[in-house]
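Novice: the sequence isn't on hand, but the structure is:
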Ligand SMILES: [Zn+2]
């Protein structure tokens, strides 16, 4: 696939004297996307680490990353934040002059089952101190076949927590204040929190409602009322296997246990 892609790139460059490069939007529009389960009308973010969409000066490097064996027994790969990803993050999820730098963070490629039951790669930025543990956790989720609809860095959602949640995107690092409006930095600002399938596992206030209308069905945590079998598998609660992995095996805190409001998507481990 990669070889064919590169061949097509060479062919395209030979035929057209335009330096837009491979993986332009026009080209990627005719190549099937990795994420096939779109639930919003917004344009699917283009991840430069995806060989279908990579298309800049470092596209070969990005393609090589993405071409790595996505299995490893279900365990992903960690690396320093690659140059092309730094470009994407700078001024979006990571503003200039804040307490966190690229050197504090790791970029993870994480194989997981999607909502169609097939394996795909996800991409996540986390605190470097947690990188190995996060890979261990997601390797366990892989073995459990816990479904994750999509996993892309929040920069492809304009750094917007709201947009990412609206697309049911699983993500971690984002330099922002807490959702609880305390004015304090969120654990996400340090890459020490992960939101998982946030549409299915919403943030619910004391009045029992959330702010995403497409998550309305999931404000109730009684899965007997839910219609989607996949959503039921993605449910996070105290008696689920994913809770057991994060909380009991790895000592993370779950936002669904909080008393003033419930953040069912949220696991965190503050190592800063
Ligand atoms: Zn969170």
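Specialist: Ah, there it is. Bear in mind that the values here come from a model prediction, so they are computed numbers and not experimental data. Residues are numbered from 1 along each chain as shown.
Novice: end to end on stretch 140-158, go ahead and measure it.
Specialist: End-to-end distance for stretch 140-158: 30 Å, by CA to CA, to the nearest Å.
Novice: which parts of the chain are helices?
Specialist: 2-15, 25-28, 59-66, 83-89, 131-143, 161-166, 229-234, 241-243 (DSSP state H).
Novice: looking at these, which one has the lowest mean pLDDT?
Specialist: When mean pLDDT is averaged over each of these, helix 25-28 scores lowest at a mean of 29.
Novice: which positions in the stretch 1-150 of the chain make contact with the ion?
Specialist: Proximity of the stretch 1-150 of the chain to the ion (CB under 5 Å from the ion) involves no residue at all. C-beta coordinates here come from the backbone N, C-alpha and C atoms, glycine included.
Novice: show me what contacts the residue lying closest to residue 190 once chain neighbours are set aside?
Specialist: Spatial nearest neighbour of residue 190, excluding adjacent residues (CB to CB, 6 or more residues apart in numbering): residue 272 at 4.6 Å. By CB atoms under 8 Å, 6 or more residues apart in numbering, the contact list for residue 272 reads 127, 129, 190, 192.
Novice: show me which of those residues is closest to residue 229.
Specialist: Here the nearest of these to residue 229, counting by CB to CB, is residue 192; it sits at 32.3 Å.
Novice: backbone torsions only: list them for the closest one.
Specialist: Dihedral pair for residue 192: phi -110, psi 20, per degrees, to the nearest 10.
Novice: hang on, isn't it packed against residue 128?
Specialist: No. In this structure residue 192 lies outside contact range of residue 128 using CB atoms under 8 Å: 10.7 Å.
Novice: more crowded one of the two?
Specialist: residue 192 (22 against 18; other CB atoms under 10 Å).
Novice: what sits against that one?
Specialist: By CB under 8 Å, 6+ apart, the neighbours of residue 192 are 126-127, 130, 268-272.
Novice: from these, keep the buried residues only.
Specialist: 126-127, 130, 268-269 (16 or more other CB atoms under 10 Å).
Novice: adding pLDDT, write the residues you listed out as CSV.
Specialist: Conversion of the buried ones among the contacts of residue 192 to CSV gives the following (pLDDT from 0 to 100):
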residue, pLDDT
126, 98
127, 98
130, 98
268, 98
269, 98
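Novice: how many neighbouring residues does the residue lying closest to residue 199 once chain neighbours are set aside have?
Specialist: Nearest residue to residue 199 in three dimensions, chain neighbours excluded: residue 168, at 3.8 Å (CB to CB, 6+ apart). For residue 168, the count of nearby residues is 27 (other CB under 10 Å).
Novice: same thing with residue 247?
Specialist: Here the number of neighbours of residue 247 (other CB under 10 Å) works out to 16.
Novice: and the gap between the closest residue to it other than its chain neighbours and the ion?
Specialist: In this structure, residue 247 finds its nearest non-sequential neighbour in residue 254, 5.5 Å apart by CB to CB, 6+ apart. Relative to the ion, residue 254 is positioned 10 Å away (CB to the ion, to the nearest Å).
Novice: wait, doesn't residue 254 sit right on residue 245?
Specialist: No. Under the criterion of CB under 8 Å, residue 254 is not in contact with residue 245, lying 11.0 Å apart.
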